[in-house]
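*Asks:* With the sequence up front, the predicted model follows.
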Amino acid sequence: SMRSYLDIYMVFYSLKGLKDYRARGIEPPLQMGLMPEYRDKIFVSNYLFRKDYTDGPEAPWIVHLCNQVMLLAY
């Protein structure tokens, strides 16, 4: 029998210490990923959520992927 799934893939970028930067009046530039002073503070989080609709919409969302990495490549 056929199964019916819905997958939602989400990617988040985060900056460690952003609240502290803003409290000091510093707004990190958009190109901060290219700047060495920010590279060890940038994180990328990937999540894959899946819901099986085969038996109806009551099924729970299940996290099928959780991947969190720090951008340190130079």
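*Replies:* Perfect, thanks for sending it. In this text, all values refer to a predicted model and were calculated from it rather than measured experimentally.

*Asks:* For the helix or strand that contains residue 19, what is the distance to the chain centroid?
*Replies:* Using DSSP states H and E, residue 19 maps to helix 18-23. Going by C-alpha atoms, centre = their mean, to the nearest Å, the spacing between the C-alpha centre of helix 18-23 and its chain's C-alpha centre is 20 Å.

*Asks:* Also stretch 53-72?
*Replies:* Stretch 53-72 sits 12 Å away from the centroid of its parent chain (C-alpha atoms, centre = their mean).

*Asks:* what's the span of it, first residue to last?
*Replies:* One end of stretch 53-72 sits 39 Å from the other (C-alpha to C-alpha, to the nearest Å).

*Asks:* what's the average pLDDT for that stretch?
*Replies:* Regarding stretch 53-72, the rounded mean pLDDT is 91.

*Asks:* 43 is where my numbering starts, stick with that
*Replies:* Sure, I'll start numbering at 43, so the last one becomes stretch 95-114.

*Asks:* can I get the CA coordinates of the helix holding residue 61 in PDB?
*Replies:* Provided in PDB are the C-alpha atoms of helix 60-65 (Å, rounded to 0.1, in the frame of the first residue of the first chain):
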ATOM      1  CA  LEU A  60      24.200  38.300  19.300                       C
ATOM      2  CA  LYS A  61      22.300  39.700  22.300                       C
ATOM      3  CA  ASP A  62      25.600  40.800  23.900                       C
ATOM      4  CA  TYR A  63      26.700  42.500  20.600                       C
ATOM      5  CA  ARG A  64      23.500  44.400  20.300                       C
ATOM      6  CA  ALA A  65      23.600  45.400  24.000                       C
END
